[in-house]
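Enquirer: what would the 3D arrangement of this be:
(chains A and B)
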Amino acid sequence: MFVTSFGTKCPGSGYNITMDDFPTPPALFSRLFQWFCKEELYPELQGDLLEEFSLNTEEFGRKRARQIYRREVLKMVRPSIIKALKKTTVLPMFKINFKLALRGLIKQRLYTLINIGGLAMSVAVATLILLYVQSETSYDNYHPVKDRLYRLAVDRTYPDHVSSYARTPVSMGEQAALDFPDIEAFTKVFRNNGGVNITYNNETFLENYLVAADHNFFEIFGIKLIDGKRDEVFSVQNAAILSENAALRYFGDESPLGKILQSDLGDLIVTGVVENTPRNTHFKFDVMVDFEILDLAYLQKPNFLNFGVFNFLVLKEGVSPESVNAKFDQIVENYAAGEIERRLKMSFEDYKASGNGYNYFLQPIQDIHLNSQLEGEFQANGNVTYIYLFLAIAFFVIILAMVNFVNLATARATDRAKEVGIRKVMGSLRKQLISQFLIESVLVTISGTIVGLLLAYLLLPLFNNFADTQIIFGQAVGPYAYGALALFSLLLGLLAGLYPAFILSSFKHVTVLKGKFIRGKKGQWTRNGLVVFQFLISIVLICSTLIVGQQMNFMQNKNLGFDRENIIVMQRTGGLKELETFKTEVKRIPGVTNIGGSSALPGSSELYFGSSFELAGSTESIALSCMVVEDDFLSTMHMDLKAGRSFSTDFEDSLSIILNESAARAFGIIDDPIGKIIKNDRDVSNPDGPKDYRVVGIVKDFNYKSLHNEITPLVIFNNERYLEGTLNNLVIRANVDQSSSIINSLEELWVEHAPNQTFLYNFLDQNLDQLYQMEKKSGDLFLAFTGIAILIACIGLFGLATFVIGSRIKEIAVRKVLGAGSRRIVFLLMYDFNKPIILALLLSIPLVILFMSNWLNGFAYRVEMSSTWISFVTAGLIALTVAWITVSYHSIKAALSNPVKNLRSE
Amino acid sequence: MKGSHLGEFQEVVLLVILSLDDNAYGVTIKQEIAEKVNRSISRGALHTALTRLEEKGFITSEQGESHPDRGGRKKRYYTVTNKGVAALHDAKSIRDQLWNQIPRLKLYPGYDK
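Expert: Model (predicted):
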């Protein structure tokens, strides 16, 4: 029996052949074998293969025999059988070229250093950026049904604006899952905004990350249960599931399961411990409780209007989210319309006609982190624009290094012309010269890439710190990435080396050797063009960075409509039993000038509630944001009134309201607002039915959300007719110089009045700065990368100056001999370098305007493009100065050198 | 000059060539190895072994007749040289020596019972 080494089954072999058949082996493989097999071995081996083939055909059938033949041929590929690489010169020539390239590189140390250093820096930057992008785009990619998991969000259309909310009514997801067969599952999550106090063993912690979820949460989200049983974690109604961190915080080494925690929500029994929410998740929780434990009416009764919870839906396989989006109108018509009609006493048709509407839509879970900036998000999300910006920087930084290479290589043409001439005389073919130069450039790019990778590895901890990420090099860079990098450096080397290789190899040997070689005008144009290009990129980057800075500055200093400085905010004051006493005592603290309570604060948009209003005599109802404040709030915040008066102890203000200018405009009463009656429909704020309110004042528009949003109409109620507990924030105007003593006194008072509650305070200006953290972080990164880009461009310029001035050394000497002063020569040399930079500056202006106006459009309140001229001037000056400094070293050296030395050698 | 060490596979090939007497060429050697030694190898791998053996002077080869099944190409017959036979003897004696050094009990557990 003849057995081959391959245990493969032959599919459908039952093919019997007769002896008449002439079985032939696969022709392609025969030819292949003939092609690679050494000629002296071919007759014997091919003979053996054929004989075996005919034996195999008899024994196993034709199909199998052909299969064996193919494998046998492939297994013939081994050094002892295949022909040596063409007897021509490829391998030895590669060796010699490699040696020559290495020699050349070592001889020109500065040049090599500039090239490899520049490339290494750009590879390091690009690697870090790609790692960052990878970590930013990996959000929520670990859930079991991630491709079919969506979050429900809504575009709420009001008569004068549209707001988009990440939170949706509690019954929306449930009803959709009931009504639409396309939906496989749904779950909802509620996040408590204020935080909850949890006590164990007399130790109290404020849990800011407490969420309430449906029982199927862990089936839909890929967060792993570490302790406890998955089907029992919600077996009791007061179950609490802790994150590892939280479990450690309360219990240390003790086993948490079955322990009882005291909380604002009642006693909780720990039923499970989960891993800490992975970083790449758009939400986070430390404590999870059962959704049913929440005793808020709008969460436990059917509700289609209050945007209260996060609804997550899992679609069935193959269902497009668009088709589901379209169906939500049905739910609004069927369930929400009735509620609206009951509340507003107007038909849903009229309601829609007045410009109100709900457009529900699904967001893929993996898109939320980068593409969702709605109101009421779990946490501030990233922004995909920045991802594109960073990728652009990575790309440009690589291009800059490549340009450096091309520039330097062509600038060195003079130096290498003689070498090329000699080689040509000795019989070098052009092809060989090209390959030599290509090998040289590939050598440079490969070493640059390796050094760059090393650099990225070393800089990663610093970067993580800076960008607030937790990237681990070994995890993020796999074998696939290394392969891609190797390929990339090879391609980069070929690409960068192509132009110089062709230019250098094209020299005519006779001309060159006669010494008549003059740098062609054409080469100069290319080089100058490349310098312009480099500086264009650098200036665009500098300029953009400066404009980002201007906008950040603008936001930090913009008149928000109130005085953000010197305000201490105390939170969770709604729970204080004797608020008035507490306030009186706070006022006595030295340094405190004023104090006022409020239900919401500027910058925390989720604390404002919505309600519907109607101007007396009109049937049009509009929904506005609302807040409740105390008499002293407006004066403490230094908010200015445009008309009328503020709330005051001298008046009975329970039925008074203050509007902001936008609201007055929305009602059409901006000219004569005081005393107008506005009806507030039955709502959470008016459980006993509609009430008429009198407008007593108009406050100037102040930014009560972030500067990303326009100021929308706002109604301010007085706290007199509200229950205790509404005023959850106290703003205290105080002298910040004394802040530490003031805060100590506040804490003492707090402990006295609310012994079991956590004392929470912050400074309003710092709070507001948090809103722009994302911009600030990106701006910082942008600045760092821009610095590196400029550095790389300057390295190139430095190298270029070395060679350009080097080639003019005789000219300079002659000028000196003829009486030119050193200063004049330095000026002359520097002047030549100004032109490309000024040209780059001019070209950069339209580009920057294009990019940056686009970016600025993301802000409702932004610096005018026309006021950014200062950034252009600064960017231009920076570029010029840097270029001058770079070039001056060589210019001065050349101008001061002794002309005799330079003229002597010929 | 390459060392004259005889690899395990090379030893098998030498023995097979000897056993085939004057009919030892590529196809038969390969078949014999597959059948007797129960080892399936590719013709390419066999070629490598044969080249090594020839380099060491353990075998010689000469061209034989052609056959239509071989596309008219000639066979190459392999014969073991005296040096090759000596190398086989060496290998065997080294092995025998080692075998003899091993206590019987280790090789045949239960032998003394």
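Enquirer: against chain B, how distant is the nearest residue to A:T277 once chain neighbours are set aside?
Expert: With Cβ to Cβ, 6 or more residues apart in numbering or on different chains as the criterion, A:T277 has its nearest non-adjacent residue at 4.3 Å, and that residue is A:K284. Placement of C-beta: from N, CA and C, glycine included. Plainly put, A:K284 is 59 Å away from chain B if you go by Cβ to the nearest Cβ, to the nearest Å.
Enquirer: go on, A:S604?
Expert: For A:S604, the distance to chain B - Cβ to the nearest Cβ - is 74 Å.
Enquirer: do the same with A:L797
Expert: 57 Å.
Enquirer: residues from chain B in reach of chain A?
Expert: B:25-27, B:30-31, B:34-35, B:40-45, B:47-48, B:51, B:66-67, B:69-71, B:73-76 (Cβ under 8 Å from any Cβ of the partner chain).
Enquirer: and the residues you listed, which are buried?
Expert: Among the residues of chain B next to chain A, those classed as buried by 16 or more other Cβ atoms under 10 Å in any protein chain shown are B:25-27, B:30-31, B:34, B:40-45, B:47-48, B:70-71, B:73-76.
Enquirer: how about the secondary structure of A:D650?
Expert: coil (DSSP: H, G, I helix; E, B strand; the rest coil).
Enquirer: from chain B, how far off is it?
Expert: 105 Å.
Enquirer: for that residue, give me the pLDDT.
Expert: pLDDT, A:D650: 84.
Enquirer: isn't there a helix covering A:M627?
Expert: No: read with three-state DSSP, A:M627 is strand and lies in no helix.
Enquirer: ok so, going back, among the residues of chain B next to chain A, which are in strands?
Expert: For the residues of chain B next to chain A, membership in strands holds for B:66, B:74-76, with DSSP state E as the criterion.
Enquirer: what does the longest helix seen in chain B contact?
Expert: If you go by DSSP state H, chain B has its longest helix at helix B:82-101. With Cβ atoms under 8 Å, 6 or more residues apart in numbering or on different chains as the test, helix B:82-101 has contacts from B:4, B:6, B:11, B:14-15, B:18, B:53, B:56-59, B:80, B:107.
Enquirer: and it, what's buried?
Expert: B:84, B:87-88, B:91.
Enquirer: right, and A:L495 touches A:V403 too?
Expert: No: look at A:L495 against A:V403 with Cβ atoms under 8 Å: they stay out of range, at 11.2 Å.
Enquirer: compare those two and say which one has the larger neighbour count.
Expert: Neighbours were tallied for A:L495 and for A:V403 using other Cβ atoms under 10 Å in any protein chain shown; the higher tally belongs to A:V403 (23 against 14).
Enquirer: gap between that one and chain B?
Expert: 49 Å.
Enquirer: so which residue is smack in the middle of chain B?
Expert: Closest residue to the average C-alpha location of chain B: B:V13 at 1.9 Å, with Cα atoms, centre = their mean.
Enquirer: skipping adjacent residues, who's closest to it in space?
Expert: Using Cβ to Cβ, 6+ apart, the closest residue to B:V13 is B:A49 (5.1 Å).
Enquirer: what does stretch A:375-393 contact?
Expert: Contacts for stretch A:375-393 (Cβ under 8 Å, 6+ apart): A:125, A:129, A:132-133, A:136-137, A:139, A:163-167, A:191, A:282-284, A:307, A:310, A:368-373, A:541, A:605-606, A:705, A:773-774, A:778, A:781-782, A:785-786, A:789, A:855, A:858.
Enquirer: brain fart, stretch A:860-869
Expert: By Cβ under 8 Å, 6+ apart, the list of residues contacting stretch A:860-869 reads A:546-547, A:550-551, A:554-555, A:558, A:703, A:707-710, A:849, A:852-853, A:856.
Enquirer: that one: which residues count as buried?
Expert: A:861-863, A:868.
Enquirer: endpoint to endpoint, that stretch covers what distance?
Expert: 21 Å (Cα to Cα, to the nearest Å).
Enquirer: before we move on, what about stretch B:38-46?
Expert: 14 Å.
Enquirer: so what's the gap between it and the chain middle?
Expert: A distance of 12 Å separates the centroid of the chain from that of stretch B:38-46, by Cα atoms, centre = their mean, to the nearest Å.
Enquirer: show me what contacts A:N325?
Expert: Contacts of A:N325 by Cβ under 8 Å, 6+ apart are A:360-362.
Enquirer: make it 6 Å
Expert: Contacts for A:N325 (Cβ atoms under 6 Å, 6 or more residues apart in numbering or on different chains) come out as A:361-362.
Enquirer: from chain B, how far off is it?
Expert: 61 Å.
Enquirer: what helices and strands are in contact with the helix or strand bottoming out on mean pLDDT in chain B?
Expert: For chain B, counting by mean pLDDT, DSSP states H and E, helix B:104-107 ranks last in confidence among helices and strands (a mean of 74). Judged by 3 or more Cβ pairs under 6 Å, 6 or more residues apart in numbering or on different chains; DSSP states H and E, helix B:104-107 has no packing partners among the helices and strands.
Enquirer: what strand or helix carries residue 63?
Expert: Going with chain A. helix A:62-75 (DSSP states H and E).
Enquirer: wait, chain B
Expert: B:Q63 belongs to strand B:59-66 when elements are defined using DSSP H and E.
Enquirer: pull up the pairing partners for that strand, direction included.
Expert: For strand B:59-66, the paired strands and their directions (DSSP bridges) are strand B:74-80 (antiparallel).
Enquirer: on that earlier part again, show the buried residues in the contacts of stretch A:375-393.
Expert: A:125, A:129, A:132-133, A:136-137, A:139, A:163-167, A:191, A:282-284, A:307, A:310, A:368-370, A:372-373, A:541, A:605-606, A:705, A:778, A:781-782, A:785-786, A:789, A:855.
Enquirer: just the buried residues of stretch A:447-465, please?
Expert: A:447-453, A:455-456, A:460, A:463-464.
Enquirer: between the residues you listed, which is nearest chain B?
Expert: A:I450 (35.7 Å; Cβ to the nearest Cβ).
Enquirer: in the stretch 501-650 of chain A, what residue comes closest to chain B?
Expert: Counting by Cβ to the nearest Cβ, the stretch 501-650 of chain A gets nearest chain B through A:A501, at 39.5 Å.
Enquirer: is it true that that residue touches A:F437?
Expert: Yes: assessed by Cβ atoms under 6 Å, A:A501 is found in contact with A:F437 at 3.7 Å.
Enquirer: show me where the stretch 201-350 of chain A dips below the pLDDT cut-off.
Expert: By pLDDT under 70, the weakly predicted segments of the stretch 201-350 of chain A are A:296-298, A:343-344.
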